[in-house]
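**Student:** Return a 3D structure for these sequence lines:
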Amino acid sequence: MSLTFSVLASGSSGNAIYVATEKKRVLVDAGLSGKAMDQLFKKIDCCPSKLDAILVTHEHSDHIKGVGILARKYQIPIYANEKTWKAMEPALGNISTDQKFIFHMEETKSFEDLDIESFGVSHDAAEPMFYVFHHEGKKLSVITDTGYVSERMKGTIKDSDVYIFESNHDMNMLRMGKYPWSVKRRILSDVGHVSNEDAALAMAEVIGTKSTRVYLAHLSQDNNMKDLAHLTVKQTLAEQGFEVGKSLKLFDTDPAKPTELVEV
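**Tutor:** Okay, here's the model as predicted:
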């Protein structure tokens, strides 16, 4: 089995991504209830009892809601950096010491045939970080929950085969929407979320010759729409010289429906 994955859920109501090889199966975040997580795994014909690790990106509830429940139910090890552990531990409930592991920022850990590289992002959390997965020359990069994409981030995720990339909001919808200004300011800040257009401009700098798939992730339920995000990213990439729909394809994600389990 090559590197396979499914975006189980993505959005402000909950996030979870499944990544697997022949020897290892990991979950990035579990931001839905334990029951909902079990149902999502059933939809891709997988079982969370076979997970080797849960990797946590940061302590916000839409990323950790089901972490403690899954870990206790299936005896799954949890990996996060020290500041994230400190911030999220009260929300997880009782976790056995032998299930707690530290994954430092800017570190690469080897899980047999799967190498996982962590990198920092800019978000209003204790020490938010995301992950790049390496397996037999294939590269899958996950980057959401960041106010901007720095040159350092771009260097880490550059030339990936697949991207799961934040495309959080449409600028006009956010500005004209119902959110109070304090919330709008937070989203628009350097520690908030990237817009459709800014996401596409960052993609244009990292997409390489072997890049084939981009999944638009963490769309706002109030300030974005799938069709709008898709169109904006496609048009912006086209302006940068990319022929979307041929060798490079865009895919949607959903808050409650997993993407198809795909081999990289």
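
**Student:** how much space between the residue nearest in space to the middle of the chain and L248?
**Tutor:** With distances taken as C-alpha atoms, centre = their mean, the residue of the chain nearest its centroid is V142 (4.6 Å). Distance, V142 to L248, by C-beta to C-beta, to the nearest Å: 18 Å. Every residue, glycine included, has its C-beta placed from N, CA and C.

**Student:** Wait, a strand at the residue nearest to the centre of the chain?
**Tutor:** Yes: counting by DSSP: H, G, I helix; E, B strand; the rest coil, V142 is part of a strand.

**Student:** how close does it sit to I164?
**Tutor:** In this view, V142 and I164 are 5 Å apart by C-beta to C-beta.

**Student:** intersection of neighbour lists for those two?
**Tutor:** Counting by C-beta atoms under 8 Å, 6 or more residues apart in numbering, the shared contacts of V142 and I164 are I17.

**Student:** Okay, strands next: where are they in this structure?
**Tutor:** Taking DSSP state E to define them, one finds strands in the chain at 4-9, 16-20, 25-28, 53-55, 78-80, 100-102, 108-111, 114-120, 129-135, 138-143, 162-166, 213-217, 249-252, 262-263.

**Student:** Now do the shortest one: which elements does it pack against?
**Tutor:** Packing partners of strand 262-263 (3 or more C-beta pairs under 8 Å, 6 or more residues apart in numbering; DSSP states H and E): strand 4-9.

**Student:** Give me the helices and strands touching the strand it packs on, please.
**Tutor:** Applying 3+ C-beta pairs under 8 Å, 6+ apart, one finds that strand 4-9 contacts strand 16-20, helix 34-43, strand 162-166, strand 262-263.

**Student:** report the longest helix in this protein, please.
**Tutor:** When the chain is parsed with DSSP state H, its longest helix is helix 226-239.

**Student:** what does that one rub up against?
**Tutor:** With C-beta under 8 Å, 6+ apart as the test, helix 226-239 has contacts from 167, 170, 173, 196-197, 199-201, 203-204, 207, 214, 216, 219, 244-245, 248, 250, 252.

**Student:** tell me the angle that helix makes with strand 213-217.
**Tutor:** Helix 226-239 runs at 140 degrees relative to strand 213-217, counting by axes from the mean of the first three to the mean of the last three C-alpha atoms, to 10 degrees.
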